[in-house]
Structures are given as C-alpha cells and as structure tokens.
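**Student:** Next input, structure requested:
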Amino acid sequence: MNTLKHTPNEFNVITVYGGVDIHEQIRELRRGVDIFVGTTGRVLDHIERRTIEFSSLKSVILDEADQMMKLGFKEDIEKVNPKVLKLDHESRQVKC
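**Tutor:** Just a heads-up that it's a prediction; the model follows:
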C-alpha cells in the first residue's frame, strides 16, 4: 500500500489478523486509520472489544472472506457486515 501513496502521511492503513498482539493493533486503531483490512475473526474480536469505529472509515476489506464462507463460517461474516453496513454512507466501500 505504501507504493500507492504520494506522500508518507497521505492515508493510514491497518491490517488486523489473529496470531499477533492485538494490543498493538488497538494502539494503531486509536491513532486513526483510513483503510482497514482484516480477517473475519480478528474483525469480530475488535467489534466485541469496541476498539473499532466503522463510521469514520473510508474502506473495509474482509480478508479471506471467500475462504471463510467455504469453510462454513458464513455466520461470522454476517455478524461483521451489519456492523459495517448499518452506517453506510455514499463514500463507504466494503470489499470481501
């Protein structure tokens, strides 16, 4: 993503996934992000902890959502989507 930036501070991106320290992710989220990429499980974890606020995000990307669907985790994806889509505005982009 850094190669897409015209300047180093043009936009902030965070990638969240399990298996790494969630506290560092929380610190980054508190600093503010423009693009949020995450696996379904970790996104749900942040939703439950109330560490993510979707209303100010420009884009949300659910990484590996297609694989989660194939593995039978459709319910988890459906838990994430209403949280994002209920705040839907013209500029919101949701990618799965």
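**Student:** pretty sure Val80 contacts Thr39?
**Tutor:** No. Judged on Cβ atoms under 8 Å, Val80 makes no contact with Thr39 at a distance of 10.2 Å. The C-beta positions use only the backbone N, C-alpha and C, and glycine is treated the same way.
**Student:** Touching both of these two, which residues are there?
**Tutor:** Leu62 (Cβ atoms under 8 Å, 6 or more residues apart in numbering).
**Student:** Give me the more crowded residue out of those two.
**Tutor:** Higher neighbour count among Val80 and Thr39: Val80, with 23 against 20, using other Cβ atoms under 10 Å.
**Student:** so what's Arg31 closest to, chain neighbours aside?
**Tutor:** Take Arg31 and drop its neighbours on the chain: the residue closest to it by Cβ to Cβ, 6 or more residues apart in numbering is Asn12, 7.1 Å away.
**Student:** Which helix or strand contains Val33?
**Tutor:** Using DSSP states H and E, Val33 sits in no helix or strand.
**Student:** Could you double-check that it sits in contact with Gln25?
**Tutor:** No. If you go by Cβ under 8 Å, Val33 and Gln25 don't touch, sitting 10.1 Å apart.
**Student:** Can you pull the residues that touch both of these two?
**Tutor:** Ile14.
**Student:** Would you map the helices across this structure?
**Tutor:** With DSSP state H as the criterion, the chain has helices at 22-31, 40-49, 65-70, 74-85.
**Student:** just those: most buried one?
**Tutor:** Comparing the helices of the chain by mean neighbour count (mean count of other Cβ atoms under 10 Å), helix 40-49 ranks first with a mean of 17.
**Student:** Who are the packing partners of that one?
**Tutor:** Helices and strands touching helix 40-49, as assessed by 3 or more Cβ pairs under 8 Å, 6 or more residues apart in numbering; DSSP states H and E, comprise strand 13-16, helix 22-31, helix 74-85.
**Student:** That'll do, ta.
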